[in-house]
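*Asks:* Would you be able to build a 3D model of this:
(2 chains)
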Amino acid sequence: MVELFRMSSKAIEMQPSLFQYRELLKNLVIKDLKVKYRNSILGFLWSLLNPLMMIVVYSVALKYILRVQVENFPLFLVVGILPWNFFSGTAIASTEAIIGNANLIRKIAFPREILPIATVFFHCAQFLLALLIFFPALIFLGAPWTPAIATYPLVLLLQLVFTLGTAIFLSAITVSYRDVKYLTEVALMMLFWMTPVIYHLSMVPEPVRWLFELNPMTAYITAYQDMLYWGRWPSAQMLVLGCVWAGVALGVGSWVFRRRQRFFSEDL
Amino acid sequence: MQPAIEVRHVWKQFLIRHNRSDSLKERFLGLFHRRYREQCEPFWALRDISFTVERGEALGLIGPNGSGKSTVLRLIARTLYPTKGEIIVRGRVAPMIELGVGFHHELTGQENIYLNASLYGLTRREVDRLYPAIVEFSELDGFIDVPVKNYSTGMYARLGFSIAVHLDPDILLIDEVLSVGDERFQKKCLERMLEFRRSGKTIVFVSHNAAAIQRLCDQACLLSHGEIKGIGDITTVLELYRTPGVLV
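*Replies:* Numbering: from 1, shown residues only, chains lettered A, B, ... in the order given. Okay, here's the model as predicted:
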């Protein structure tokens, strides 16, 4: 069968499907991993240094200086910091996903969504690798092994979808507004302190806690903590919230992206 | 049989943005201060362009700089969208508008072949099949596992060209890339193009070189200021191109 493309000012028929381009997605992710780790065997270890440092610093600062009352604090940190880093790293990198590939966009027709999606998958692969490395640490720190861990893939999937939506959105609007990158960095810093990564959600004063609960990342992070720190099933409320946020992010993200993508090659 | 390319009443407008504000900060300041405000000047790069290219036909696009030739090519390559009108393309397109686009410097020639081919939508199995031919044509046998950052300009272009011609396209878009590598390789490329012609592929060829168009094409189209000044028989169109006063 012959491929057919009909483009007009109003509609584009037969856009090449994302599925057809799965090979490209795979190659882009592999490319990123290769480029990052080829030149240094230590490359991967370097990427572990950041969460390790965060855990050490926060443990010392919060446990021994501020005397935060959280039992087994290092375990609590490991459980929350790795997924948080996955999200924040992806969000920052996604602002570069389109503008950093201007040449490709201008010269080759392929589904543009592939670029931010590849960014997310690359960071997801890094997250899974880090999780694997930190696995012995989880055991060593005494993580509870309960059947609740079976929901881990589900929570990860929800976070992945939410991250995808965010990345697609950020990659598209950075084309028009180049300072979104800096805004993202600032927003992430605020979001970090509004997410119960280094404290319990229950420590947040009652009157403002609803605000913290509405934070999408709270839903995922508390679910991870439920499973790996408390050894219980994630709360239904947080799972539902996580679902809603994932859907909203993906919906808004792809809507914005679709509307803007035809102007990418002119605006870059 | 339906034509390979149909371009129907296509208009393409670019916005020339003076004092472009491409940040939220500037947008915000623009609300208060005039000098931060962006001014958009519309520029019609193409005005009411219509033509068809039948399957197996080769069309040569000719015209002075800034006449819209490359815009036409990019519209057919689907990297630009028309502002008005419609374009129908039937078949897989191999754009040879610039060679080596999408190469990653840290990756080897082999890795770049796989990455680049997938940018054009090829599956792994298709690339596996084409791989030996791509390497052979590029004459990079001994360098295929070397990162392309260590390639010479000629080697780089040869690899890009070789991938493009092996994409198994139905339609080739060529933007004066025949100047690849040394003279011998150029000859090989031209032969390859003529072979494409013989095997019934559709070609759109942009060039300033009248001789090259005469050699490769069977139809020519003269563009000037985004309008078609003449289309059809090559000799007639080339004569029109040389006639003073036509391009105004």
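*Asks:* Tell me the pLDDT of B:Gly56.
*Replies:* Listed pLDDT for B:Gly56 reads 88.
*Asks:* That one contacts B:Lys201, doesn't it?
*Replies:* Yes: counting by Cβ atoms under 8 Å, B:Gly56 touches B:Lys201, with 7.0 Å between them. All C-beta atoms are positioned from the backbone trio N, CA, C, and that covers glycine.
*Asks:* The two: who's more crowded?
*Replies:* A count of neighbours by other Cβ atoms under 10 Å in any protein chain shown puts B:Lys201 above the other of B:Gly56 and B:Lys201, at 21 against 17.
*Asks:* List the buried residues in stretch A:145-165.
*Replies:* A:148, A:151, A:155-156, A:158-165 (16 or more other Cβ atoms under 10 Å in any protein chain shown).
*Asks:* Which parts of chain B are strands?
*Replies:* In chain B, the strands defined using DSSP state E lie at B:5-18, B:39-53, B:58-62, B:84-90, B:93-96, B:171-175, B:202-206, B:219-224, B:227-232.
*Asks:* Show the average pLDDT along stretch A:69-89.
*Replies:* The model assigns stretch A:69-89 a mean pLDDT of 92.
*Asks:* In TSV, list the strands of chain B along with mean neighbour count.
*Replies:* Below are the strands of chain B laid out as TSV (neighbours: other Cβ atoms under 10 Å in any protein chain shown):
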stretch	mean neighbour count
strand B:5-18	17
strand B:39-53	16
strand B:58-62	26
strand B:84-90	20
strand B:93-96	24
strand B:171-175	22
strand B:202-206	24
strand B:219-224	23
strand B:227-232	18
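*Asks:* and B:Glu126, which of those strands is closest to it?
*Replies:* B:Glu126 sits nearest to strand B:93-96 of all those, at 13.1 Å, using Cβ to Cβ.
*Asks:* Report the strands that pair with that closest one, each with its relative direction.
*Replies:* The pairing partners recorded for strand B:93-96 under DSSP bridges are strand B:171-175 (parallel).
*Asks:* May I have the partner strand exported as CSV, CA atoms only?
*Replies:* Extracted C-alpha coordinates of strand B:171-175, given in CSV (Å, rounded to 0.1, in the frame of the first residue of the first chain):
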residue,chain,number,x,y,z
ILE,B,171,9.5,10.3,-4.2
LEU,B,172,12.9,12.0,-4.0
LEU,B,173,13.3,15.6,-3.1
ILE,B,174,16.7,16.9,-4.0
ASP,B,175,18.0,20.3,-3.1
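*Asks:* Just the residues contacting that strand, thanks.
*Replies:* With contacts defined as Cβ atoms under 8 Å, 6 or more residues apart in numbering or on different chains, strand B:171-175 is touched by B:4-5, B:70, B:73, B:76-77, B:89, B:91-98, B:165, B:193, B:196, B:201-206.
*Asks:* so what's the closest residue in space to B:Arg197 that isn't next to it in sequence up against?
*Replies:* Nearest residue to B:Arg197, sequence neighbours excluded (Cβ to Cβ, 6 or more residues apart in numbering or on different chains): B:Ala58, at 5.8 Å. Contact analysis of B:Ala58 by Cβ under 8 Å, 6+ apart lists B:197, B:202-205, B:216-219.
*Asks:* Looking at the residues you listed, which is nearest chain A?
*Replies:* Checking those against chain A with Cβ to the nearest Cβ, the nearest one is B:Thr202 at 11.3 Å.
*Asks:* close enough to count as contact, the closest one and B:Thr52?
*Replies:* No: counting by Cβ under 8 Å, B:Thr202 does not reach B:Thr52; the two are 10.7 Å apart.
*Asks:* so what sits against both of the two?
*Replies:* Jointly contacting B:Thr202 and B:Thr52 under the rule Cβ under 8 Å, 6+ apart are B:Ile5.
*Asks:* centroid residue for chain B?
*Replies:* Residue closest to the average C-alpha location in chain B (Cα atoms, centre = their mean): B:Ile97, at 3.3 Å.
*Asks:* For beta bridges, what are the partners of the nearest residue to that residue once chain neighbours are set aside?
*Replies:* Nearest residue to B:Ile97 in three dimensions, chain neighbours excluded: B:Asp175, at 4.4 Å (Cβ to Cβ, 6+ apart). For B:Asp175, the beta-bridge partners are B:Val206 (DSSP bridges).
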